[in-house]
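1. what follows is a predicted protein model with its sequence.
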Amino acid sequence: MSTLVTESPIPTKLTRPQSKQRLRVCHVSMTLRTGGLERLLVDFGRFHNRDQYELSFVSLGPVGQPAEDLQAAGFDVETLGMPKTSKGAALQKLKTLLRDGQFDVVHTHNTYPHFYATLAARWAGISTIINTQHGRGCGSGWKSHWQFRIANRLATRVVGVSADATKLCQSQNPASASRMQTIWNGIDLERFKFTGPRNEPTAISVARLSPEKDYATLLHAMQLVIQHEPRFRLLLVGDGSERARLEQLATELDIRQHIEFLGERKDVPDLLRKAGFFVSSSKTEGISLTLLEAMAVGLPIVTTRVGGNPEIVVEGETGKLAPAQKPEALAAAIREMLDEQPLWPTMADAARKRVEQHFNVRNMVSQYEDLYQTCVASK
């Protein structure tokens with residue numbers, strides 16, 4: 001097993017050619033720290049077909065627990081040390097790493113790694129390059145659009161994690177639209193066993209406490225809900241830059257006693273089982289893993305009608321959708337959910353079945369592996 005490094009030297013094991021009986025795939029991401037994308041990369045390692053594929057992982061920047069998990073499972077993991085390492089030096093080192101590793105496929109994740117790793121892969125003589133966009137499109141700034149279009153001209157296929165994301169990517173780069181497709185994210189159903197909702201007016205939300213999750217809207221909605229149901233409580237799981245501001249807002253709205261700020265936790269499956277339903281107030285989403293995890297446990301969902309959320313939640317069947325950034329509308333959806341408490345078990349069953357049918361991580365990994373085979377064969 002290689003030693004996880006924190007700077008930019010080229011490792012020896014990662015670049016040593018292995019058996020050509022299996023396709024060698026190198027995943028390249030911005031970081032390997034805690035997050036939904038990084039959890040998916042760990043799942044790629046856990047559930048890939050070991051008889052046909054040999055995986056390695058490269059992070060352009062910082063690493064954390066996901067990198068340690070992958071390394072503990074026997075995978076080679078490398079970080080190029082950006083931003084401390086200059087872009088030019090990182091590009092050169094990545095090219096050397098990909099060339100010496102004799103990779104068949106380079107799989108990049110999101111726009112920044114897509115741009116740099118695609119250039120490095122082409123420079124190294126690798127022709128099969130897959131990119132996955134994990135959010136809504138390639139980003140909002142002109143630089144992201146420029147990088148996306150340049151990289152797409154050299155890449156083999158671009159995958160959106162939702163139909164919404166794919167459609168947006170196609171609009172951002174019409175010239176490459178024909179090489180874009182959708183593969184829904186998935187979760188490990190074995191980790192999230194079905195238990196069903198707890199029969200009490202408690203909701204749970206799991207996410208980074210960051211601006212795009214818009215928890216301020218949820219807190220304002222809670223103030224309105226509590227007037228309708230004084231027993232209503234929220235378990236808020238996660239940490240981030242917005243935590244102090246949200247705690248202050250909860251105090252100002254006089255709802256602090258109704259919220260438990262639980263911070264970042266490793267026992268999310270157990271915490272989900274303590275709630276009656278799941279709630280989210282995000283302004284943007286690709287395919288939310290936390291929604292899928294909650295549905296797998298058997299929680300009805302109240303969330304915003306953004307990104308891939310309507311592809312996950314079936315209105316009236318597995319949950320309720322509300323417009324984003326509208327506290328009154330979100331509060332109305334939460335009140336409806338509370339009033340329909342006798343229907344929660346039925347929603348729970350439907351939620352679990354939907355995840356089993358469409359969002360199983362094993363199926364997701366298998367679809368990517370089929371894509372690898374198709375693209376390599378076409379080259």
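-> Okay, I see it.
2. just the strands in the protein please.
-> Assigned by DSSP state E, the strands in the chain fall at 23-29, 53-59, 76-79, 105-109, 128-133, 157-160, 180-182, 202-206, 233-237, 259-263, 277-279, 301-304, 319-322.
3. which secondary structure elements does the first one contact?
-> Right, strand 23-29. helix 36-47, strand 53-59, helix 87-101, strand 105-109, helix 111-123, helix 361-378 (3 or more C-beta pairs under 8 Å, 6 or more residues apart in numbering; DSSP states H and E). For the C-beta atoms, the positions are set from N, CA and C on the backbone; glycine is no exception.
4. same list, the ones you listed, but as CSV with distance to V161 please.
-> Listed next are these as CSV, based on distance: least, C-beta to C-beta, whole Å:
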stretch, distance to V161
helix 36-47, 9
strand 53-59, 19
helix 87-101, 24
strand 105-109, 10
helix 111-123, 14
helix 361-378, 9
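5. and of the strands of the chain, who's closest to R362?
-> Closest of those to R362 is strand 53-59, at 13.9 Å (criterion: C-beta to C-beta).
6. for that closest one, what is the distance to the chain centroid?
-> 18 Å (C-alpha atoms, centre = their mean, to the nearest Å).
7. ok so, going back, Serialize the strands of the chain to JSON lines and add fields for mean pLDDT and mean neighbour count.
-> Shown next, in JSON lines, are these (pLDDT from 0 to 100; neighbours: other C-beta atoms under 10 Å):
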{"stretch": "strand 23-29", "mean pLDDT": "97", "mean neighbour count": "24"}
{"stretch": "strand 53-59", "mean pLDDT": "97", "mean neighbour count": "24"}
{"stretch": "strand 76-79", "mean pLDDT": "96", "mean neighbour count": "26"}
{"stretch": "strand 105-109", "mean pLDDT": "98", "mean neighbour count": "27"}
{"stretch": "strand 128-133", "mean pLDDT": "98", "mean neighbour count": "25"}
{"stretch": "strand 157-160", "mean pLDDT": "98", "mean neighbour count": "24"}
{"stretch": "strand 180-182", "mean pLDDT": "97", "mean neighbour count": "17"}
{"stretch": "strand 202-206", "mean pLDDT": "98", "mean neighbour count": "23"}
{"stretch": "strand 233-237", "mean pLDDT": "98", "mean neighbour count": "21"}
{"stretch": "strand 259-263", "mean pLDDT": "97", "mean neighbour count": "16"}
{"stretch": "strand 277-279", "mean pLDDT": "98", "mean neighbour count": "28"}
{"stretch": "strand 301-304", "mean pLDDT": "98", "mean neighbour count": "27"}
{"stretch": "strand 319-322", "mean pLDDT": "98", "mean neighbour count": "24"}
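8. now render those as CSV, adding distance to Q227.
-> Formatted as CSV, those follow (distance: least, C-beta to C-beta, whole Å):
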stretch, distance to Q227
strand 23-29, 44
strand 53-59, 47
strand 76-79, 50
strand 105-109, 43
strand 128-133, 41
strand 157-160, 40
strand 180-182, 41
strand 202-206, 16
strand 233-237, 15
strand 259-263, 16
strand 277-279, 17
strand 301-304, 17
strand 319-322, 18
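9. buried deepest among the helices and strands packed on strand 23-29, which one?
-> Comparing these by mean neighbour count (mean count of other C-beta atoms under 10 Å), strand 105-109 ranks first with a mean of 27.
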